[in-house]
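J.: show me how the following folds:
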Amino acid sequence: MANKFPRLPPSGIKVIVVGAGFAGLAAAIECDRKGHAVTLLEKVDDIDEIMRIGDIISFDPNGSKAFERWPGVVDQMEAIARQTKWLDLYHHQGKFVTRQSFAHESAWGRRINGHRGQLHNIIYRHAVARGIDIRLGKRVEDYFESDNPPQAGVVLSSGERLVADVVIAAEGVRSRGRKIVLGFDENPKSSGYAVYRAWFPADRIINNPKIRHIVANGDTHQGFIGPDIHFLASSIKNGTEVNWVFTHVDDGNIEESWQFPGRPEEALTYLPGWCDVVHELVKATPPGRLIDHKLVYRDPLPTFISPRARTALIGDSAHPFLPTSIQGASQSIEDGVVLATCLELSGRGNIPRALRAYEKLRYERVHRAQAQGPKTRERWHKADWDKVWKDPTLIHLPREPWLLNFDAERDAYGRYDDVVAGLEAPKAKL
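T.: Numbers count the residues shown, from 1 in each chain. This is a model prediction of the structure:
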């Protein structure tokens, strides 16, 4: 079955990817496309544990470019994605404000918004079908690398040591790979906010006259904007499933946990004075379908690669995003695409050059994208409504071509030589 997928001739480069989330899967698939030999390690024994995680995730046109190169994947994703090209925005007390259309973005690529676990399942099954060496139940405890021989590797909880030419750390905000990059352990910090997330069948609301409009006529997408809170709700799969999320101020201790079960009655305490639509959606949430997720962040890293440039951080391991950026998932896909491409262009004899080029290609762009999260949150949470009623576009999401109309693979191929030349140019004498 693996032979039906186009891939470049074997590069001789052996890659270990740690973490089978979206970032790790993208890196593994892209490395396989480029002819690299990939081993993908995931700590959970049952991959369905990841796939059961149920809330919305979004891939913008810049992220979905990769899916179009993976045979069959993007069509499967679109089949279960939300079929809307707009966002209706309301004042938190229920008055309609504006509709923001995304229709013009179809010229840039596909927008995929769907159930996190179900979209993950499609990509994971594609990786399996490609014949990628995926090893579940393998917890990485440490990373190492050496010059003689030139290699990188990981130590598993079992004590087993695995070596490769390059290791890609894609474990998320608490990646153990960060220590080999930074030289010390660093814990994530609280952003001061948390998000309630819910997903459940539409039959919970179809008979409620106050909210049945959300599901009665197919897919919908709406947002309610209030002081220091924004509440987003949508229906999906032709109105058969519902999801809602809202961001709220949080002062909890992330050392204890950053995700745990939530209770609708607790969520409602953040929403006094909000409209009936919001209250009824929260009250309709069935037991076990609500989670309270603390939003964490890390200060921008000085580097994404280890001192010997044989270990690289990607995705949330390198740059966690706030949900209001709507770019965390897409940027993690871009990371995997660019790193695999740089390895292809450098070849096995120049792994450090490949990783330095990857970092140079990604660093400025990813941090510029990351900055969109706090800006959008403040645009909504601190909205000046006297001005918004006069100009509703003030609460529109920023949807900029530099970010969305972008092909990471094409950019890497186009700029690689110049980037490498800049990295290798002798520094001018003072």
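
J.: lowest average confidence, helix or strand, in the protein?
T.: Of all helical and strand segments in the chain, the minimum by mean pLDDT, DSSP states H and E falls on helix 48-51, at a mean of 69.

J.: so what strands line up beside the helix or strand following that helix?
T.: Once the chain leaves helix 48-51, the next helix or strand it forms, by DSSP states H and E, is strand 56-59. Strand pairing for strand 56-59, using DSSP bridges, gives strand 112-115 (antiparallel).

J.: quick one: residues contacting Ala170.
T.: By C-beta atoms under 8 Å, 6 or more residues apart in numbering, the contact list for Ala170 reads 17-19, 21, 23-24, 27, 313-315, 317, 332, 336. From N, CA and C alone the C-beta is placed, and that goes for glycine too.

J.: export those as JSON lines, with columns for neighbour count, secondary structure and pLDDT.
T.: Formatted as JSON lines, the contacts of Ala170 follow (neighbours: other C-beta atoms under 10 Å; DSSP: H, G, I helix; E, B strand; the rest coil; pLDDT from 0 to 100):
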{"residue": "Val17", "neighbour count": "31", "secondary structure": "strand", "pLDDT": "98"}
{"residue": "Val18", "neighbour count": "28", "secondary structure": "strand", "pLDDT": "98"}
{"residue": "Gly19", "neighbour count": "26", "secondary structure": "coil", "pLDDT": "96"}
{"residue": "Gly21", "neighbour count": "22", "secondary structure": "coil", "pLDDT": "94"}
{"residue": "Ala23", "neighbour count": "29", "secondary structure": "helix", "pLDDT": "96"}
{"residue": "Gly24", "neighbour count": "27", "secondary structure": "helix", "pLDDT": "97"}
{"residue": "Ala27", "neighbour count": "31", "secondary structure": "helix", "pLDDT": "98"}
{"residue": "Leu313", "neighbour count": "26", "secondary structure": "strand", "pLDDT": "97"}
{"residue": "Ile314", "neighbour count": "32", "secondary structure": "coil", "pLDDT": "97"}
{"residue": "Gly315", "neighbour count": "31", "secondary structure": "helix", "pLDDT": "94"}
{"residue": "Ser317", "neighbour count": "30", "secondary structure": "helix", "pLDDT": "91"}
{"residue": "Ser332", "neighbour count": "29", "secondary structure": "helix", "pLDDT": "96"}
{"residue": "Gly336", "neighbour count": "26", "secondary structure": "helix", "pLDDT": "98"}
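
J.: over to the residue nearest the centre of the chain: give its phi and psi.
T.: Closest residue to the average C-alpha location of the chain: Ala329 at 1.9 Å, with C-alpha atoms, centre = their mean. Per-residue torsions, Ala329: phi -70, psi -40 (degrees, to the nearest 10).
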